[in-house]
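Asker: just coords:
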């Protein structure tokens, strides 16, 4: 099991992450990593200007600059913005106060473990203002031996100590953000291997991507010598044991936890993190030209809408947890399915795009949320793994970030899911032509298919599951989910869309690559050797009529 990486790409639940850095940017630049205090904060760019309000097609309110045109990125992305009076800068008075007794106590407070029952006494004020704190926090702590808790914090934190821990952590992160911005540093600077082999070959041979790739894994037991040797034969690929760069005894990295840490230690300034079972229809380098990325230095993608019925934490509890963990929030959380009680997940971390020159300290905050203490006591109790930590970490640090506005959909075969199970009781009459079943699809800023995760077969968890034919797709907002079967049922006539012919050809090239990888590996118990279906040009997908070839 390993983790893929490439300068402008990573892996699913095991340990693969792909990172990639564009060849067009200088490879000589390096970022100096400062990790003595792991939760330093990055500077924030604040949008200044007047705003109007528009209504998204999904009914959400979006703040839009009044001078924006119809094709402005504020109409195609959800841009998180912070109110100016909530972002507190570091002042000259703060610097002068550092030499005082109160200033030293302030640093003691900022460096105290987040799980401390109460902060260092007398540690709140510095200079004429409270660095990184709102006015409601002035009564939180006094110079008395006992800490005084405000009613605001009490209502936010509730009974859970983990909520209070993140509230304190967010305050400290914001204080460090002010200091960091003031100083203005210049820092330029083998479970999933079967999927990763295909992913790397597709990037090189099908999409013709020349982006350099780093593959990260966790220790000798995580990725075999055979697999390491195979990847290193591919031009522009490096294989790196992350435990040689980070202290595994402190972090206890495994599975998808590795993702933000691999981004952190990667040599690249601009990173596309992708899962090992993720496939693009175009060279992923185009994400560096995305309007949201150019504006704020990130591209995030929404996950599919997953019902909350199987969640370990209710959506109301998740909202309360987020309220308790953040002194204030940007414009984005109110758009999330958490806040709107629409679903159990919001972000899909199968692809994460980030410019570390802008978000270096924001990435440190994300890593802190995935540190062993924080993830076990709070983060993973409220979220499904590391996914939500990317945007919540940037909320904590008050850095702007960007989501492609469309939810996750489905790409694959038109029809019901029964045939793929190869059940003797299945029959053609059970096929329903009002749905698309297959892989989880994600879109570009125009709402067109860009990438999908969960492999190339109908169901990667089922042995012998056949390849998909990639004939149809549908968007999350336009259908009703059958999550268990990974199908999306069209919500209205015309919601089903036909995959463009050139994209079908690209997908079938991926299938052929995957079969060659399986034959080369020669271990059917590890990777199925499947039959590639015939590529037939058929019509009639739109509207869900005809095209039986799709099933």
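Answerer: Right, received. Where do you want to start? None of the values given here were measured: they were computed from a predicted structure.
Asker: Please parse this protein into its domains.
Answerer: Per automatic domain parsing, the structural domains of the chain span 18-44+186-404, 92-161, 409-550.
Asker: closest one to residue 84 among these?
Answerer: Each of the domains of the chain was checked against residue 84 via C-beta to C-beta, and the shortest separation belongs to domain 18-44+186-404, namely 10.7 Å. Placement of C-beta: from N, CA and C, glycine included.
Asker: circling back to that earlier point, and the domains of the chain, which one is worst for confidence?
Answerer: For those, the stretch scoring lowest in mean pLDDT is domain 92-161; its value is a mean of 48.
Asker: Residue 437 touches residue 413, doesn't it?
Answerer: Yes - because the distance of 5.8 Å satisfies C-beta atoms under 8 Å, residue 437 is recorded as touching residue 413.
Asker: Give me the common contacts of the two.
Answerer: residue 458 (C-beta atoms under 8 Å, 6 or more residues apart in numbering).
Asker: Which stretch among the domains of the chain is buried most, on average?
Answerer: Mean neighbour counts were taken over the domains of the chain using mean count of other C-beta atoms under 10 Å, and the top value, a mean of 21, falls to domain 18-44+186-404.
Asker: For the domains of the chain, give me CSV that also has distance to residue 85.
Answerer: Shown next, in CSV, are the domains of the chain (distance: least, C-beta to C-beta, whole Å):
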stretch, distance to residue 85
domain 18-44+186-404, 9
domain 92-161, 10
domain 409-550, 31
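Asker: Point out the one among those that comes closest to residue 81.
Answerer: Distance to residue 81, taken as C-beta to C-beta, is lowest for domain 18-44+186-404 among these, at 4.9 Å.
Asker: ok, and the closest non-adjacent residue to residue 220?
Answerer: Here the nearest residue to residue 220 in space, its sequence neighbours aside, is residue 241; by C-beta to C-beta, 6 or more residues apart in numbering that works out to 7.4 Å.
Asker: List the contacts of that neighbour.
Answerer: With contacts taken as C-beta under 8 Å, 6+ apart, residue 241 has the following neighbours: 216-220.
Asker: Go through these and say which is closest to residue 502.
Answerer: residue 216 (32.9 Å).
Asker: and the helix or strand where that closest one lies, what does it pack onto?
Answerer: Secondary structure here is read from DSSP states H and E; on that basis residue 216 sits in strand 213-217. Identification of packing neighbours for strand 213-217 by 3 or more C-beta pairs under 8 Å, 6 or more residues apart in numbering; DSSP states H and E yields strand 18-20, strand 237-241, helix 258-265.
Asker: Now the element after the last one, going C-ward?
Answerer: Past helix 258-265, heading to the C-terminal end, the next element that is a helix or strand (DSSP H and E) is strand 270-274.
Asker: For the helix or strand just after that following strand, which strands pair with it and how are they oriented?
Answerer: On the C-terminal side of strand 270-274, the nearest following helix or strand under DSSP H and E is strand 279-280. Here the strand partners of strand 279-280, with direction, are listed using DSSP bridges: strand 449-453 (antiparallel).
Asker: I'd like to check the angle between the strand it pairs with and strand 270-274, please.
Answerer: Between the direction of strand 449-453 and that of strand 270-274, the angle (axes from the mean of the first three to the mean of the last three C-alpha atoms, to 10 degrees) works out to 60 degrees.
Asker: Any chance you could list what contacts strand 449-453?
Answerer: Outside strand 449-453, the residues that touch it by C-beta under 8 Å, 6+ apart are 12, 274-275, 277-282, 284, 348, 350-351, 411, 439-444, 473, 499, 503.
Asker: quick one: the helices in the stretch 351-500 of the chain?
Answerer: Listed in chain order, the helices of the stretch 351-500 of the chain (DSSP state H, counting those that start in this stretch) span 356-369, 372-374, 380-382, 389-397.
Asker: can you redo the ones you listed as TSV with distance to residue 507?
Answerer: Written out in TSV, the entries for the helices of the stretch 351-500 of the chain read as follows (distance: least, C-beta to C-beta, whole Å):
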stretch	distance to residue 507
helix 356-369	32
helix 372-374	39
helix 380-382	34
helix 389-397	28
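Asker: what's the closest of these to residue 174?
Answerer: With respect to residue 174, and counting by C-beta to C-beta, the nearest of those is helix 389-397 at 7.0 Å.
Asker: Now do the closest one: everything it contacts.
Answerer: With C-beta under 8 Å, 6+ apart as the criterion, helix 389-397 contacts 41-42, 44, 80, 166, 169-170, 173-174, 177, 260, 298, 300, 322, 325-326, 329-330, 332-333, 346-347, 349, 352, 359, 361-363, 365-370, 379, 383, 400-401, 403.
Asker: what angle do it and strand 270-274 make?
Answerer: If you take the same axes, to 10 degrees, helix 389-397 sits at 140 degrees to strand 270-274.
Asker: Helix 389-397 vs helix 356-369, what angle?
Answerer: Angle of helix 389-397 versus helix 356-369, following the same axes, to 10 degrees, is 100 degrees.
Asker: Relative to residue 76, which of the domains of the chain is closest?
Answerer: Among the domains of the chain, domain 409-550 comes nearest to residue 76, with 4.2 Å by C-beta to C-beta.
Asker: And the next helix or strand past the strand holding residue 216?
Answerer: Scanning forward in sequence from strand 213-217 by DSSP H and E, the next helix or strand is helix 225-232.
Asker: so what secondary structure elements neighbour the lengthiest helix in the chain?
Answerer: If you go by DSSP state H, the chain has its longest helix at helix 161-183. When contacts are defined as 3+ C-beta pairs under 8 Å, 6+ apart, helix 161-183 sits against helix 92-97, helix 101-111, helix 151-157, helix 315-325, helix 356-369, helix 372-374, helix 389-397.
Asker: Angles on the backbone of residue 327, please.
Answerer: Backbone geometry at residue 327, expressed as degrees, to the nearest 10, gives phi -60, psi -30.
Asker: make that residue 253, sorry
Answerer: With angles defined as degrees, to the nearest 10, residue 253 shows backbone torsions of phi -80, psi 140.
Asker: ok, it - contacts?
Answerer: In this structure, residue 253 makes contact with 15, 218, 242-243, 246, 261, judged by C-beta under 8 Å, 6+ apart.
Asker: rewinding a little: kindly reformat the helices and strands packed on strand 213-217 as a markdown table containing distance to residue 86.
Answerer: As requested, those are exported to a markdown table (distance: least, C-beta to C-beta, whole Å):
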| stretch | distance to residue 86 |
| --- | --- |
| strand 18-20 | 32 |
| strand 237-241 | 39 |
| helix 258-265 | 25 |
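Asker: Surely residue 346 touches residue 388?
Answerer: Yes - assessed by C-beta under 8 Å, residue 346 is found in contact with residue 388 at 6.1 Å.
Asker: So which of the domains of the chain is nearest residue 73?
Answerer: The closest of the domains of the chain to residue 73 is domain 18-44+186-404. By C-beta to C-beta, the value is 3.5 Å.
Asker: ok, back up a step: measure how the strand holding residue 216 sits relative to helix 225-232, angle-wise.
Answerer: Using the same axes, to 10 degrees, strand 213-217 lies at 160 degrees relative to helix 225-232.
Asker: begin at 146 from here
Answerer: All right, first residue 146 from here; so that's strand 358-362.
Asker: Taking strand 382-386 as reference, get the angle to strand 358-362.
Answerer: Using the same axes, to 10 degrees, one finds that strand 358-362 and strand 382-386 are set 20 degrees apart in direction.
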